[in-house]
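# Okay, here's the prediction I keep looking at, along with the sequence it came from:
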Amino acid sequence: MNAKDWLSEYAQRLGTAPPGREEFDAVLQLAAEAAHSSERVAGPVACWLAARSGKQLQEALDAARALAASTADD
């Protein structure tokens with residue numbers, strides 16, 4: 001099963017819609033931002049935190065980018 005089909009089926013089981021193309025790309029960007037500015041495991045957990053926060057996806061991505069920028073010199 002490919003990722004698109006798996007996510008569609010998973011979304012159905014959760015009672016929600018799967019992500020659109022823009023949402024899909026933003027989630028991947030968020031995961032990459034977290035994983036590259038911290039440890040790899042931060043990617044999926046950052047996505048979970050974003051969803052749990054109730055913030056809009058772009059707002060969560062902006063927050064991750066701001067955090068990465070503020071810690072880039074560490």
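It's in. Numbers count the residues shown, from 1 in each chain.
# going forward, measure contacts between C-alpha atoms and count neighbours the same way
Will do.
# which SS state does Pro18 fall under?
coil (DSSP: H, G, I helix; E, B strand; the rest coil).
# list the contacts for it?
Leu7, Ser8, Ala11, Gln12 (Cα atoms under 8 Å, 6 or more residues apart in numbering).
# Give me the below-cutoff pLDDT ranges for this protein.
Applying pLDDT under 70 to the chain flags the ranges 73-74.
# how close does Ala26 sit to Gly15?
Note on Ala26: its distance to Gly15, by Cα to Cα, to the nearest Å, is 21 Å.
# hang on, I meant Gln56
Gln56 sits 19 Å away from Gly15, going by Cα to Cα.
# returning to that earlier point: compile the contacts of Pro18 into a markdown table and extend it with columns for distance to Arg52, neighbour count and secondary structure.
Formatted as a markdown table, those follow (distance: Cα to Cα, whole Å; neighbours: other Cα atoms under 10 Å; DSSP: H, G, I helix; E, B strand; the rest coil):
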| residue | distance to Arg52 | neighbour count | secondary structure |
| --- | --- | --- | --- |
| Leu7 | 18 | 15 | helix |
| Ser8 | 20 | 15 | helix |
| Ala11 | 16 | 14 | helix |
| Gln12 | 19 | 12 | helix |
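# hmm, which two among the residues you listed are most spread apart?
Largest separation among the contacts of Pro18 by Cα to Cα: Leu7 and Gln12, giving 8.4 Å.
# which residues of this protein fall in helices?
Residue ranges of the helices in the chain, as given by DSSP state H, are 3-14, 21-37, 42-53, 57-70.
# Residues contacting the longest one, please?
By Cα under 8 Å, 6+ apart, the residues outside helix 21-37 that reach it are 40-44, 46-47, 57-58, 60-61, 64-65, 68, 71-72.
# ok, now with 10 Å
The contact list for helix 21-37 (Cα atoms under 10 Å, 6 or more residues apart in numbering) reads 4, 18-20, 38, 40-48, 50, 57-58, 60-65, 67-69, 71-72.
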